[in-house]
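Engineer: Quick one, fold the following:
(chains A and B)
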Amino acid sequence: MEYLSSSLGTALALIVSMDREVLSTVWTSLSLSLVSIGMAALIGIPVGAWLSMGRVPLRRLCITLLNTLMALPTVVVGLVIFGLLSRQGPLGSWGLLFTPWAMIIGQTVLATPIVANYTLGALSGADPRILPTALTLGASPLQGAWQLLLEVRFGIMAAIIAGFGRVIAEVGVAMMLGGNIRGYTRTMTTAIALETSKGEFAFGLALGLVLMTVALAVNLLLNLLQQR
Amino acid sequence: MQPIYSLQHIVKRYDSRLVLDIDQLELIPGQSYALLGPNGAGKSTLLELLALLSQPTAGNLQFAGETVHWNKRSLRSQRERITLVHQAPYLFNRSVFDNIAFGLSLRGIHGARQRQTIAAALERVGLADFAPRHARRLSGGEAQRVALARALALRPEVLLLDEPTASIHSETVPVLEQVINELRASGTTLIIATHDPQQAARLQCHPLMLENGQLADPVQRCQQTDHPPLPETGRSTCGHCCAA
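Structural biologist: Next up is the predicted model:
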């Protein structure tokens, strides 16, 4: 018990003193996750919007596939992309393995099905009068679709936040594709795993506390948006 | 005079269910029409079709002398001349001002001219100070009036109203009927779906009776009854349709 309380004290001291190592790891995590979720939003929102339209061929199959991809284990995504990006893989010449870009690709793959699925849910539950109202007021079909997205903006924001929650907390992709390189690809989750195995429990705990705070903030925001 | 609408052999089905079957119908610009009929007669479906929002399953629809091509860019310019106010209108999740500004902005009307137009439209429906209010905090009747103001601001050639006073407090109905009468006098083509024959008579609308998606002849119906003529118009009315 004393070990835990003293570690907690040290962890809090690391956070309060804004330890450089802690800050660097938190910054890497946040920046990579933000870029990944931005890319996932660019892909996932149009995919979800497309699937929400009634006349999509093989729509049910696509939705089932999307649901399956949502539950994809992070290490499997890491493994597949590792195979593609490794020196002997088809994209090995790009030299992306163990760089932040490899991690961004992996995290984008993880978050895109979540963003697409949440977007699909938001648009499927949207008021059916939105589009006809926009059209009768003079909107083109594209302007009408944009108006529809604006009307379900809280659902879309929830989609982005849920995707962010997934990528900030994942460890498999970051470990396998980033290589846990200090100050470069070391994220909060990979640092926790490494530092704890080295016996630096307090350091891991400090990052764990920051990660939990981020996760709590994300979930509070998600709940708030889902009530709108 | 060239009709504003010309419908020929129009059929509308939802799955296999026939909801509209109109062999021939021509509507004259500047006239007012009342779509009468029981619930499920096809009034709202016909309005959606006339608003060019819903494509018929079969048949030919002409608007202002031009055949409506449902997949062409010309559809938007035709739609801009028509505005439909739904029975339960949808207001965008923002302020009353923004709701009315939406269609004006799409037509390139911004700034002071937009503000003046919005203020005038709101004043016309008796909601002069409602511009900053959030649309989601309005009562059903207020929302209906804002939707009418949103349509009025666009000055459409054709205004389609689906049960415009259904959710409005009885004290406000004369205000809106006055607005509708002014529109009629200004030459706007009005097509109003209503279940109230007396209202159609008050608004001096030419009756179009719909039954099971088909047009019925209101004259024949009235002749089957001995309903007394309305003193102010000299028209007769019956329990099912407004006037003949």
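
Engineer: any idea which helix or strand of chain A has the worst average confidence?
Structural biologist: Across the helices and strands of chain A, mean pLDDT, DSSP states H and E gives its lowest value to helix A:2-16, namely a mean of 85.

Engineer: which residues are in contact with it?
Structural biologist: Taking C-beta atoms under 8 Å, 6 or more residues apart in numbering or on different chains as the criterion, the residues outside helix A:2-16 that touch it are A:22, A:201, A:202, A:203, A:205, A:206, A:208, A:209, A:210. Placement of C-beta: from N, CA and C, glycine included.

Engineer: tell me which element the last one is part of?
Structural biologist: Read that as residue A:210. Assigned by DSSP states H and E, residue A:210 belongs to helix A:201-226.

Engineer: Would you mind pulling up the elements that that helix packs against?
Structural biologist: Here helix A:201-226 is seen to pack against helix A:2-16, helix A:20-52, helix A:153-169, helix A:188-197 when contacts are counted using 3 or more C-beta pairs under 8 Å, 6 or more residues apart in numbering or on different chains; DSSP states H and E.

Engineer: what's the most buried one of those?
Structural biologist: By mean neighbour count, with neighbours taken as mean count of other C-beta atoms under 10 Å in any protein chain shown, helix A:153-169 ranks first of the helices and strands packed on helix A:201-226 at a mean of 22.

Engineer: so who does the residue of chain A most remote from its centre touch?
Structural biologist: Relative to the centre of chain A, and counting by C-alpha atoms, centre = their mean, the farthest-placed residue is residue A:136 at 37.8 Å. Taking C-beta under 8 Å, 6+ apart, we find residue A:136 in contact with B:51, B:53, B:79, B:82, B:83, B:84.

Engineer: does residue B:62 sit in a helix, a strand or a coil?
Structural biologist: In three-state terms, and counting by DSSP: H, G, I helix; E, B strand; the rest coil, residue B:62 is strand.

Engineer: so how far is stretch B:17-37 off the chain centroid?
Structural biologist: Mean C-alpha position of stretch B:17-37 versus that of the full chain (C-alpha atoms, centre = their mean, to the nearest Å) differs by 12 Å.

Engineer: Check the separation of the first and last residues in that stretch.
Structural biologist: Using C-alpha to C-alpha, to the nearest Å, the end-to-end distance of stretch B:17-37 comes to 18 Å.

Engineer: in it, what counts as buried?
Structural biologist: B:19-22, B:25, B:27, B:31-37 (16 or more other C-beta atoms under 10 Å in any protein chain shown).

Engineer: near chain A, which residues of chain B show up?
Structural biologist: Where chain B comes near chain A, counting by C-beta under 8 Å from any C-beta of the partner chain, the residues are B:48, B:51, B:53, B:76, B:79-80, B:82-84, B:86, B:88-90, B:92-93, B:102-103, B:106-107, B:150, B:154.

Engineer: let's go with 10 Å and repeat that
Structural biologist: If contact is defined as C-beta under 10 Å from any C-beta of the partner chain, the residues of chain B in contact with chain A are B:48, B:51-54, B:73, B:75-77, B:79-86, B:88-94, B:99-100, B:102-107, B:147, B:150-151, B:153-154, B:156, B:160.

Engineer: ok so, going back, quick one: distance of the helix holding residue A:210 to the chain centre.
Structural biologist: Computed by C-alpha atoms, centre = their mean, the chain-centroid distance of helix A:201-226 equals 14 Å.

Engineer: got the angle for that helix vs helix A:188-197?
Structural biologist: Using axes from the mean of the first three to the mean of the last three C-alpha atoms, to 10 degrees, the inter-axis angle of helix A:201-226 relative to helix A:188-197 is 150 degrees.

Engineer: returning to what we had before: which residue, neighbours along the chain excluded, lies closest to the residue farthest from the centre of chain A?
Structural biologist: In space, not counting the residues next to it along the chain, residue A:136 is nearest to residue B:84; the distance is 4.6 Å by C-beta to C-beta, 6 or more residues apart in numbering or on different chains.

Engineer: Dig out what the one you found forms beta bridges with.
Structural biologist: Taking DSSP bridges as the rule, residue B:84 bridges to residue B:160.

Engineer: Out of the contacts of residue A:136, which two sit at the greatest distance?
Structural biologist: Considering C-beta to C-beta, no two members of those lie farther apart than B:53 and B:83, which are separated by 10.8 Å.

Engineer: Those two - which one has more neighbours?
Structural biologist: Counting neighbours by other C-beta atoms under 10 Å in any protein chain shown for residue B:53 and for residue B:83 shows that residue B:83 has the greater number, 26 against 19.

Engineer: Surely the more buried one is in contact with residue B:183?
Structural biologist: No. The pair residue B:83 / residue B:183 is not scored as a contact, 11.2 Å apart, by C-beta atoms under 10 Å.

Engineer: Show me the common contact partners of these two, please.
Structural biologist: B:148, B:151, B:152, B:155, B:156, B:159, B:161 (C-beta atoms under 10 Å, 6 or more residues apart in numbering or on different chains).

Engineer: Let me know the secondary structure of residue B:192.
Structural biologist: strand.
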